[in-house]
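S.K.: Here is my input; please provide its structure:
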Amino acid sequence: MAKFFLKMKHWQLFLLLYSAYIIFMIYWISQIGKSMHSFFQNGTEPNTDHLVQSMLSFFPLLLSIGLIFFFYLFTLLRALHDAQPVELRKGLKFPIFCLGFTVIYIMIINAFSMYIFTNTTHPEDMFNAIHPQAFIIMVPCHFFCIFSMLYVLYKLAKLLKTVEMQREAQGEDFLGEFFLFWMHPIGVWFLQPRINKIFEDKKQGIIE
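M.R.: Just a heads-up that it's a prediction; the model follows:
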């Protein structure tokens, strides 16, 4: 499975990770547009139930692709770590913990959101369904999730540049790579060819 991700071309990876999201957003925006058009033309109230059902119908597919994306990041972390010079290899426990925490937290929040959407009908009911004490847990977890994801992207950017330079990369060396990982739908077109080259060179013995 790891080789599958490492050998994929940029356009293949883009289609795998983002095509469903693009289709969903186009469909979602078109449905909102139809509802707004009906409201302004006929005074008909927007059919929020239909919009919610549309979102729920896409949810399993989007969740599956999200899990594939996180597995891709995990694969890349381990592969780039192993492609470094031996003397530069450090533990991956913390970045893997950060990635795992992010996956679990996002799955819990999404499951909770879907539960609220399917069991409430009015916006005020959605807020009332969240117990005030839950925010005491959710807020720090949310901020740690943001930190965790940014740290994983930072680690990936540093590993990529370290492997390419065959020496430990410093902050200014991989700033561009960090932003490319952060904006991955755009960055994939620039990062994946470099990743392909690294592991092709490794296969040919050009890098250890």
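
S.K.: count of residues packed around Leu62?
M.R.: Counted by other C-beta atoms under 10 Å, the residues lying close to Leu62 total 14. (C-beta placed from N, C-alpha, C; glycine too.)

S.K.: Which of the residues in whichever helix or strand it is part of are classified as buried?
M.R.: For Leu62, the element it lies in under DSSP states H and E is helix 48-83. Under the neighbour-count criterion of 16 or more other C-beta atoms under 10 Å, helix 48-83 has 54-55, 58-59, 65-66, 69-70, 72-77, 79-81, 83 buried.

S.K.: same deal with stretch 79-99?
M.R.: Under the neighbour-count criterion of 16+ other C-beta under 10 Å, stretch 79-99 has Ala79, Leu80, His81, Ala83, Gln84, Leu92, Pro95, Ile96, Cys98, Leu99 buried.

S.K.: Same question for stretch 13-21.
M.R.: Across stretch 13-21, burial judged by 16+ other C-beta under 10 Å covers Leu13, Phe14, Leu16, Leu17, Ala20.

S.K.: The second one: what's it in contact with?
M.R.: Same thing as Phe14. Pro185, Val188, Trp189 (C-beta atoms under 8 Å, 6 or more residues apart in numbering).

S.K.: tell me which element it is part of?
M.R.: Here Phe14 is assigned to helix 10-42, by DSSP H and E.

S.K.: so who does the residue lying closest to Ala83 once chain neighbours are set aside touch?
M.R.: In space, Ala83 comes closest to Val163 once its chain neighbours are excluded; the distance is 4.7 Å by C-beta to C-beta, 6 or more residues apart in numbering. For Val163, the contacting residues are Leu80, Ala83, Gln84, Ile198, Ile207, by C-beta under 8 Å, 6+ apart.

S.K.: Which member of the residues you listed is positioned nearest Val103?
M.R.: Taking C-beta to C-beta as the measure, Val103 lies nearest Leu80 of those, at 19.0 Å.

S.K.: Isn't the closest one up against Leu159?
M.R.: Yes - in this structure, Leu80 is within contact of Leu159 by C-beta atoms under 8 Å, at 3.8 Å.

S.K.: pLDDT wise, what is the residue nearest to Met165 when sequence neighbours are not counted at?
M.R.: Spatial nearest neighbour of Met165, excluding adjacent residues (C-beta to C-beta, 6+ apart): Asp173 at 7.0 Å. Per-residue pLDDT puts Asp173 at 93.
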